[in-house]
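**Q** sharing a model prediction with you, sequence too.
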Amino acid sequence: MGLIHPLAVIGRRALALLAMLGDVTLFFVGAVTHMVRPPFYGREFLLALFHIGWLSLPVVGMTAIFTGGALALQIYDGSSRFSAEAVVPQIVAIGMVRELGPVLVGLMVAARVTSSIAAEIATMRVTEQIDALTTLSTHPMKYLTVPRVLAALIVVPVLVGIGDVIGIYGGFLVATGQLGFNPASYIRNTADFLEASDIISSLIKGSAFGGIAALMGCYFGMNSGRGAQGVGQATKGSVQAAAVLILAANFLLTSLFFAT
Amino acid sequence: MISFQDVHKSFGPKAVLRGVNLDIAQGTSMVIIGGSGTGKSVALKCVLGLITPDAGTIMVDGQNATQGDHDAFLARFGMLFQGGALFDSLPVWQNVAFRLLRGSLKRPRSEAREIAIEKLRRVGLTPDVADLFPSELSGGMQKRVGLARAIAAEPGIIFFDEPTTGLDPIMSGVINDLIREIVVEMGATAMTITHDMTSVRAIADNVAMLHDGVIQWTGPVGEMDNSGDPYLTQFISGSAEGPIEAVR
């Protein structure tokens, strides 16, 4: 008996997780089918673009510039152990564009946007605003989910692109200001080393991570429990799920793009 | 006409509706009363398709509520929610004109705003409220805005979910009078759920008492006090003694 109880708990948790994965998949399919069927809510889409894209710029920019600077210091220190300090521009560029840019932007969007979407929609759920939408002949999936997911799919790659540039610039500032690199040769080395596939993979990752972040916010918000506790749990759950899924998706996409 | 025919609904092991049968004639005002947790809101939400009944049929003017084009079906309804359910992110006039700014009833923005202001006036609010946000309004004003939204598209059927909950007696009286006036003026069919007996007397043509998942009594509001039904009598008197358990 003592052994069966923990196994039963694990089994229940596993079944609950599988049920949730199925539910999220159905939610995603529902969102996609609503994306291609009218009516479309252009104003809500533009607002979502503004909230997810424009208002995320400061946090994305600061994250990227500090990460780029720290990366330059780490690579310089590490590579000096085998006299390879000259590779700093190339490694900062590839590290930012292929990995750190998309992942950090994805995680910052998860922290900022997923939590905000989940809390907003969950509050709408508990205050009957979502029921009100339905009674006003407006499908909540079309009005709330589709504009946010679509906006994130489009604008997060732009944020990633900007984050990549700012991150590289952070490395440039540290390398030229503190480590004695020549500015012109730093820029040339960076530009010569990066390939189109690096940039394309970065932007595709950004789109995927943006979609995950917005989808998780909408899913947990729509399925929120009652009261303040329900809103809190929806917000926490959405950020946790978005962060884990972004990291898992990053591994899968990296394997797809770069594993030989 | 709205007709409930043997409607059942359970949530897990808890059976909330256990065979509700009720007819609401066109152009009349039906008030459903009953204690907290007896399924009044569930019955209302079943009509709107917000909750799907487990069994039974709900017919609205001969059309099954769970079949057909749901958006067109809902376009005939207006609803005042218990907490107002106003959209926080939109100013008052856009809340009122929500239906007129999108979908099949879409009008030019300026015309929709004019209609919203006219409806706000109808519920006793001045045009300067139009550009405020719901969070800037008192509870009574929010109810009025909710009422203006419910009637903005001039629906044939209006639902009121606990319209006076959370309001002081004077504001409750104002809302009750407004509901009665608007329903009569529009000739709409109204269904209200409440446990406020003052509202019942002000709003109702007919009353239905929901208890234990079934309609225990239904009849004209004038017959309510002499119904002889022990459930209704206990509910009206507010006594702890009777067939309705005080602890539920």
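**A** Structure's in. What do you need?

**Q** remind me which residues of the chain are low pLDDT?
**A** This is for chain A. Across chain A, the ranges flagged by pLDDT under 70 are A:1-3, A:260.

**Q** nope, chain B
**A** For chain B, the ranges with pLDDT under 70 are B:246-248.

**Q** try 80 this time
**A** Low-confidence segments of chain B, defined by pLDDT under 80: B:68-69, B:71, B:103-104, B:240-242, B:244-248.

**Q** the residue of it found nearest chain A is in what secondary structure piece?
**A** Going by Cβ to the nearest Cβ, chain A is nearest to residue B:85 of chain B, at 3.9 Å. Backbone N, C-alpha and C define where each C-beta goes, glycine included. Of the helices and strands defined by DSSP states H and E, none includes residue B:85.

**Q** for it, what are its contacts?
**A** A:127, A:128, A:129, A:131, A:132, B:146 (Cβ atoms under 8 Å, 6 or more residues apart in numbering or on different chains).

**Q** ignoring the adjacent residues along the chain, who's closest to residue 100?
**A** As the question left the chain open, I've gone with chain A. If the residues on either side of it in the chain are set aside, residue A:100 comes closest to residue A:67, at 5.6 Å by Cβ to Cβ, 6 or more residues apart in numbering or on different chains.

**Q** hmm, I had chain B in mind actually
**A** Using Cβ to Cβ, 6+ apart and skipping the chain neighbours, the partner closest in space to residue B:100 is residue B:112 (4.0 Å).

**Q** the one you found against residue B:102, yeah?
**A** No: at 9.6 Å, residue B:112 and residue B:102 do not qualify as touching, with contact defined as Cβ atoms under 8 Å.

**Q** next, give phi and psi for the residue of chain B closest to chain A.
**A** phi 50, psi 40 (degrees, to the nearest 10).

**Q** could you confirm residue A:234 falls within a helix?
**A** Yes: using DSSP: H, G, I helix; E, B strand; the rest coil, the assignment for residue A:234 is a helix.

**Q** these two touch, right, it and residue A:124?
**A** No: here residue A:234 does not reach residue A:124: they are 11.0 Å apart, not a contact under Cβ under 8 Å.

**Q** still on that earlier bit, what sits against the residue nearest to residue B:100?
**A** With Cβ under 8 Å, 6+ apart, residue B:112 has these contacts: B:97, B:100, B:101.

**Q** give the helix, strand or coil label for it.
**A** helix.

**Q** tell me how far residue A:222 lies from residue A:19.
**A** Counting by Cβ to Cβ, to the nearest Å, the separation of residue A:222 from residue A:19 is 16 Å.

**Q** with residue A:125 instead?
**A** Distance from residue A:125 to residue A:19, by Cβ to Cβ: 20 Å.

**Q** which one's more surrounded, the two?
**A** residue A:125 (21 against 10; other Cβ atoms under 10 Å in any protein chain shown).

**Q** the more buried one should be in a helix, yeah?
**A** Yes: under three-state DSSP, residue A:125 falls within a helix.

**Q** check contacts around the residue most central in space within chain A.
**A** For chain A, the residue nearest the mean C-alpha position is residue A:106 (2.3 Å; Cα atoms, centre = their mean). The neighbours of residue A:106, taking Cβ under 8 Å, 6+ apart as the test, are A:156, A:160, A:205, A:206, A:209, A:210, A:212, A:213, A:246, A:250.

**Q** can you narrow those to ones near chain B?
**A** By Cβ under 8 Å from any Cβ of the partner chain, no member of these lies near chain B.

**Q** from these, which single one is nearest residue B:184?
**A** Using Cβ to Cβ, residue A:213 is the member of the contacts of residue A:106 that lies nearest residue B:184, at 51.0 Å.

**Q** that closest one and residue B:203: what is the separation?
**A** For residue A:213, the distance to residue B:203 - Cβ to Cβ - is 47 Å.

**Q** give the buried residues for stretch A:26-44.
**A** Buried residues in stretch A:26-44, defined by neighbour count with 16 or more other Cβ atoms under 10 Å in any protein chain shown: A:27, A:28, A:31, A:34, A:35, A:41, A:44.

**Q** ends of it, what's the gap?
**A** Start-to-end span of stretch A:26-44 (Cα to Cα, to the nearest Å) is 23 Å.

**Q** now it: how far from the chain's centre is it?
**A** Offset of stretch A:26-44 from its chain centre (Cα atoms, centre = their mean, to the nearest Å): 20 Å.

**Q** near chain B at all, that stretch?
**A** Yes: against chain B, stretch A:26-44 shows contacts by Cβ under 8 Å from any Cβ at A:39, A:41.

**Q** find the helix or strand that residue B:219 is a member of.
**A** strand B:214-220.

**Q** wait, is residue B:8 part of a helix?
**A** No: Residue B:8 is assigned strand when assessed by three-state DSSP, not a helix.

**Q** what's the neighbour count on it?
**A** Neighbourhood size, residue B:8 [other Cβ under 10 Å]: 16.

**Q** mind listing what it touches?
**A** Residues in contact with residue B:8 (Cβ under 8 Å, 6+ apart) are B:15, B:17, B:18, B:19, B:20, B:53, B:54, B:55, B:56, B:213.

**Q** rerun that using 7 Å as the cut-off
**A** Residue B:8 is in contact with B:17, B:18, B:19, B:53, B:54, B:55, B:56, counting by Cβ atoms under 7 Å, 6 or more residues apart in numbering or on different chains.

**Q** of those residues, which belong to strands?
**A** B:17, B:18, B:19, B:55, B:56 (DSSP state E).

**Q** what is the neighbour count of residue A:256?
**A** 10.

**Q** which strand or helix spans it?
**A** Here residue A:256 is assigned to helix A:227-258, by DSSP H and E.

**Q** I figured residue A:209 hits residue A:104, correct?
**A** No: Residue A:209 lies out of contact with residue A:104 (Cβ atoms under 7 Å); the separation is 10.0 Å.

**Q** compare the two (neighbour count), which wins?
**A** Ranked by neighbour count (other Cβ under 10 Å), residue A:209 and residue A:104 place residue A:209 first, with 30 against 19.

**Q** tabulate the contacts of residue B:85 (CSV), appending neighbour count, secondary structure and distance to residue A:145.
**A** Listed next are the contacts of residue B:85 as CSV, based on neighbours: other Cβ atoms under 10 Å in any protein chain shown; DSSP: H, G, I helix; E, B strand; the rest coil; distance: Cβ to Cβ, whole Å:
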residue, neighbour count, secondary structure, distance to residue A:145
A:127, 19, coil, 18
A:128, 22, coil, 18
A:129, 23, helix, 14
A:131, 20, helix, 16
A:132, 26, helix, 16
B:146, 27, helix, 25
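
**Q** can you give me the neighbour number for residue B:51?
**A** 18.

**Q** nearest residue to it other than its sequence neighbours?
**A** residue B:45 (4.3 Å).

**Q** wait, a strand at that neighbour?
**A** No: under three-state DSSP, residue B:45 sits outside any strand and is assigned helix.

**Q** distance of it from residue B:243?
**A** For residue B:45, the distance to residue B:243 equals 27 Å [Cβ to Cβ].
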